[in-house]
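Undergrad: how does the following fold in three dimensions:
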Amino acid sequence: MTSGSSEENIGPKQELPRKLEDELGRITKIGEKICIAVSSDMNINGDFEDCWLLATDKRLFTFSGNHSKHPKLLHELSINEIEDIRLKNLVGNGIIEIKTPSKTIELLRFSKTSYRENQIDAIPKAIDRLREMNGLKAIKRREFDFGGEYGLASEQRCPKCGRFMNRGVCRHCLDKRTLLARLFAYLKPYWFVALIAFIISLATAGIDLVPQIISKYIMDTVFVPAVTALEEARKTAVTYVPDPALFPRLALFILASLGIHFANTGMGTGRNYMMRWLGNKVIYDLRTSAYSHLQKLSLTFYNQKDTGRLMSRISQDTERLQDFIVNSIQEFVMDIFMLVGMSIILFSTNWKLSALTLFPLPVIAIASVIFGRKMHSVFHKVMAQMANISAILADTIPGVRVVKAFAAEEREVNRFNDENQGYFITSMRAAKLSTIYFPVMGVATFIGGIVVQFFGGREIIYGNMSMGDLTLFMGYLWRFYGPIQGFTRFNHMIQRSSAAAERVFEIMDADPDVFDKDDAIELGEIKGDIEFDNVVFSYDGEHNALNGVSFKVNAGQMVGLSGPSGAGKTTIINLLGRFYDVNEGSVKVDGYDVRDVRMRSLREQISVVLQEPFLFQGSIAENIAYGKPGASKAEIISAAKAANAHDFIMNFPDKYDTIVGERGARLSGGEKQRISIARAILKNPRILILDEATSSVDTATESLIQSAIERLVEGRTTFAIAHRLSTLRKADKLIILDKGEVIEQGTHDELIDNNGLYKKLVDMQSELSKIKVI
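TA: Residues are numbered from 1 along each chain as shown. The predicted structure follows:
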């Protein structure tokens with residue numbers, strides 16, 4: 001079996017896991033070439049599992065990969081058997097279906113993520129090419145855009161490699177050479193400090209060459225004359241009298257060495273401090289830029305990303321870049337200066353012997369290229385695996401109560417161990433490369449040193465070199481190979497850092513779905529008139545969450561939104577705050593299309609009270625004042641009293657300075673809800689959104705919250721989502737939704753008289769209440 005060359009570029013080919021490659025090599029014939037290799041993250045039953053579709057020029061295979069010994073072969077058939085191949089779109093996933101003369105086979109199931117990243121839509125055409133190679137006609141089928149069914153427009157494909165881009169970014173085609181150039185661009189504001197550090201590096205590199213020159217002169221002008229005079233005295237039986245000029249000369253050389261050492265140490269200390277300052281400043285700016293950009297990205301981005309993985313990129317990956325700037329670049333610059341300086345001195349001393357020092361360079365260059373490519377791929381996987389671990393921690397630590405409530409500690413430990421084991425295996429792959437790479441470099445440089453020692457000794461024997469010259473040569477020789485080995489380490493660090501830079505800049509290159517136009521209008525204080533005009537919206541481009549929704553709300557009205565789960569209630573709220581943009585129609589506030597106004601000026605006049613209120617780590621006062629950071633203590637207390645929160649706050653030892661814990665863990669659900677209401681009251685919004693604000697509290701707490709809400713809604717346009725319909729009786733208008741459409745509009749009494757869906761929901765809840773009483 002062979003993997004094929006570029007001339008067999010039939011279809012997408014991913015790198016195969018080692019076990020799968022071994023298994024395929026066992027079952028394929030000599031000369032059979034891999035033409036297609038595509039992975040999926042689902043098995044045919046729809047469970048998450050690593051599966052593969054592979055095709056050679058003769059046969060097609062599918063494997064499942066989650067088996068400890070060998071991947072399991074699921075299907076094997078000849079290319080000649082295939083009469084038709086189709087991609088079928090299912091809910092949330094898709095399948096590749098193949099028809100043979102005797103049966104139809106569901107060959108591979110795939111998620112949207114696999115479809116985006118693995119060029120699965122290229123498989124039918126690739127199979128056609130294989131059929132043509134085997135003398136068969138291409139399959140006639142209608143042209144379709146499976147990506148369109150998933151809401152993936154053609155322009156979302158990378159024009160270079162054809163893969164779907166992740167929010168406008170193709171990870172596979174990011175130019176690795178420009179990644180670090182972008183990183184270095186962050187040095188521009190600090191160019192003067194960088195220049196001073198560069199000059200000091202040049203000076204220290206030059207000074208660092210002097211001790212070997214001093215050693216040469218000590219050897220030639222002190223030690224060799226002294227030894228020669230001593231040998232002459234022994235031969236002539238004359239009492240040896242040291243040359244009095246040798247001691248001052250030796251002392252002068254020693255003092256010069258000490259002075260050079262202290263000067264070099266002082267300048268090196270200054271250079272190290274400057275480089276650390278530069279590294280910290282650059283990473284400070286990079287982290288700030290990345291975090292600022294994260295704040296600009298739309299909710300769609302966060303829906304597709306794990307919190308832990310994002311945290312890993314902002315914290316751990318930037319730390320790797322900091323180490324690269326502080327240590328690796330500094331060492332690389334010093335190595336270059338040292339190498340140039342030593343080369344000049346060595347070649348001016350003996351160019352023939354110097355040429356021999358270059359003997360290991362071809363081996364080093366070839367090994368660096370080969371290992372460099374492998375290292376980049378491995379380091380990217382190491383960082384991705386660490387991000388998986390961070391994602392688990394970000395899930396389980398905040399959700400530890402749920403874990404314990406379901407006695408799932410062992411399951412979570414096993415899940416963590418699986419990812420940790422994956423990190424260990426991937427890290428060991430990197431370690432294996434390093435343990436091969438660096439010894440190869442060491443052997444090459446050692447052989448070079450032995451060659452120079454042999455020929456240098458030969459030069460001394462024939463009288464063509466002095467002892468001082470050989471001392472100089474040997475002293476520089478090992479230092480000469482040091483920078484060369486440093487280059488190999490730098491190549492190692494470049495691969496590691498470019499992988500980290502790629503992950504950080506992938507975030508910074510992501511474009512928000514929702515953004516302000518250049519000529520966006522700055523809203524003043526709004527009245528609160530709302531209009532939805534024939535709004536159509538889909539989260540995934542496949543199924544409409546809203547379909548032709550239209551209604552008007554006058555300023556100051558309270559509107560209740562109700563309907564079955566998934567009817568589109570929360571979607572209306574999301575569109576009102578412009579967290580997403582409509583696909584068709586418009587959402588207007590005071591007659592302005594929300595797409596034409598600055599988001600900040602709109603959202604500053606909206607407050608949200610959620611079913612599960614989110615509190616930030618900090619004090620109660622800080623959480624209440626989140627929407628109005630400059631609020632006075634009196635304003636905070638007034639808002640808390642209006643929200644019926646003041647009394648329980650005063651029962652805490654630290655009162656308003658009480659730390660709420662992560663996500664408000666130290667407070668009850670009702671307490672968190674009242675603080676959330678106080679936060680909304682203090683902001684004094686023109687539009688208020690209540691999303692199931694009383695659904696998860698007891699009756700007594702609900703009464704307190706309900707009275708606080710009644711004070712809060714006065715004079716504001718209010719949207720209230722509630723499944724408990726009794727809380728919506730006082731609404732000025734009720735909008736009843738089902739399957740993304742407005743089914744009914746009107747007051748409570750009007751809708752009861754209509755005897756429609758609302759009446760049905762009210763009757764169902766009434767019956768349920770009777771059952772609870774019994």
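
Undergrad: dump the residue contacts of Leu734.
TA: Leu734 is in contact with Val559, Gly560, Leu561, Ser562, Leu728, Glu744, Gln745, Gly746, Thr747, His748, Leu751, Tyr758, counting by C-beta atoms under 8 Å, 6 or more residues apart in numbering. Backbone N, C-alpha and C define where each C-beta goes, glycine included.

Undergrad: give me that answer again for 6 Å
TA: Leu734 makes contact with Gly560, Leu751 under the criterion C-beta atoms under 6 Å, 6 or more residues apart in numbering.

Undergrad: quick one: it from Glu714, how far?
TA: 19 Å (C-beta to C-beta, to the nearest Å).

Undergrad: what's the answer for Lys552, then?
TA: 21 Å.

Undergrad: tell me which of these two has more neighbours.
TA: Lys552 (14 against 10; other C-beta atoms under 10 Å).

Undergrad: and that one, bridged to which residues?
TA: Glu531 (DSSP bridges).

Undergrad: doesn't Glu531 make contact with it?
TA: Yes. The pair Lys552 and Glu531 qualifies as a contact (C-beta atoms under 6 Å) at a distance of 4.9 Å.

Undergrad: quick one, strands of the stretch 451-600 of the chain?
TA: Assigned by DSSP state E, counting those that start in this stretch, the strands in the stretch 451-600 of the chain fall at 530-538, 544-553, 558-562, 584-589, 592-593.

Undergrad: nearest to Ile105, out of those strands?
TA: Smallest distance to Ile105 across those (C-beta to C-beta): 31.7 Å, for strand 530-538.

Undergrad: counting by contacts, list what the closest one packs against.
TA: Packing partners of strand 530-538 (3 or more C-beta pairs under 6 Å, 6 or more residues apart in numbering; DSSP states H and E): strand 544-553, strand 584-589.

Undergrad: save those as JSON lines, and put in distance to Ile218 and mean pLDDT too.
TA: Below are these laid out as JSON lines (distance: least, C-beta to C-beta, whole Å; pLDDT from 0 to 100):
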{"stretch": "strand 544-553", "distance to Ile218": "84", "mean pLDDT": "87"}
{"stretch": "strand 584-589", "distance to Ile218": "85", "mean pLDDT": "89"}
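
Undergrad: possible to save these as JSON lines with distance to Ile34?
TA: Output for those, formatted as JSON lines (distance: least, C-beta to C-beta, whole Å):
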{"stretch": "strand 544-553", "distance to Ile34": "42"}
{"stretch": "strand 584-589", "distance to Ile34": "45"}
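
Undergrad: send me the host helix or strand of Cys51 as CSV with only the CA atoms.
TA: When elements are assigned from DSSP states H and E, Cys51 belongs to strand 48-56. Below are the C-alpha coordinates for strand 48-56, written out as CSV (Å, rounded to 0.1, in the frame of the first residue of the first chain):
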residue,chain,number,x,y,z
PHE,A,48,-20.0,10.2,19.0
GLU,A,49,-17.1,7.9,17.9
ASP,A,50,-14.1,8.3,15.6
CYS,A,51,-14.9,6.7,12.2
TRP,A,52,-13.1,6.8,8.9
LEU,A,53,-14.0,6.5,5.2
LEU,A,54,-11.0,5.3,3.2
ALA,A,55,-10.8,4.6,-0.5
THR,A,56,-7.9,3.2,-2.6
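
Undergrad: just after that strand, pick out the following helix or strand.
TA: strand 59-64.

Undergrad: in stretch 598-614, which of the residues would be classed as buried?
TA: Within stretch 598-614, the residues that count as buried by 16 or more other C-beta atoms under 10 Å are Met599, Ser601, Leu602, Arg603, Gln605, Ile606, Ser607, Val608, Val609, Leu610, Gln611, Pro613.

Undergrad: what residues does Met764 make contact with?
TA: No contacts exist for Met764 under C-beta under 6 Å, 6+ apart.

Undergrad: and it, how far from Asn754?
TA: Met764 sits 16 Å away from Asn754, going by C-beta to C-beta.

Undergrad: pop out the phi and psi values for the residue nearest to Ala263 when sequence neighbours are not counted.
TA: Nearest residue to Ala263, sequence neighbours excluded (C-beta to C-beta, 6 or more residues apart in numbering): Ile207, at 6.2 Å. Main-chain dihedrals, Ile207, degrees, to the nearest 10: phi -60, psi -30.

Undergrad: I'd say Ile207 and Gly266 touch.
TA: No. In this structure, Ile207 is not within contact of Gly266 by C-beta under 6 Å, at 10.4 Å.

Undergrad: for stretch 267-278, buried residues please.
TA: Applying 16+ other C-beta under 10 Å to stretch 267-278 flags Met267, Gly268, Arg271, Met274, Met275, Leu278 as buried.

Undergrad: which SS class is the fourth one?
TA: Just to be clear, that refers to Met274. Classification of Met274 using DSSP: H, G, I helix; E, B strand; the rest coil returns helix.

Undergrad: list the contacts of it.
TA: Taking C-beta under 6 Å, 6+ apart as the test, what Met274 contacts is Val193, Ala197.

Undergrad: now do it against Ile207, distance only.
TA: With C-beta to C-beta as the criterion, Met274 and Ile207 are 17 Å apart.

Undergrad: and for Ser619?
TA: Note on Ser619: its distance to Ile207, by C-beta to C-beta, is 55 Å.

Undergrad: and for Tyr302?
TA: For Tyr302, the distance to Ile207 - C-beta to C-beta - is 53 Å.

Undergrad: which of those two has more neighbours?
TA: Ile207 (16 against 12).

Undergrad: got the domain ranges for the chain?
TA: 6-173, 181-508, 519-605+723-774 (automatic domain parsing).

Undergrad: and those domains as TSV, adding distance to Glu710?
TA: Formatted as TSV, the domains of the chain follow (distance: least, C-beta to C-beta, whole Å):
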stretch	distance to Glu710
domain 6-173	41
domain 181-508	30
domain 519-605+723-774	8
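
Undergrad: how about the ones you listed, which one is nearest Ile637?
TA: Across the domains of the chain, closest to Ile637 is domain 519-605+723-774 (C-beta to C-beta), at 23.0 Å.

Undergrad: work out the gap between the closest one and the centre of the chain.
TA: Put simply, domain 519-605+723-774 sits 35 Å off its chain's centre (C-alpha atoms, centre = their mean, to the nearest Å).

Undergrad: what sits against Leu688?
TA: Ser607, Arg716, Thr718.
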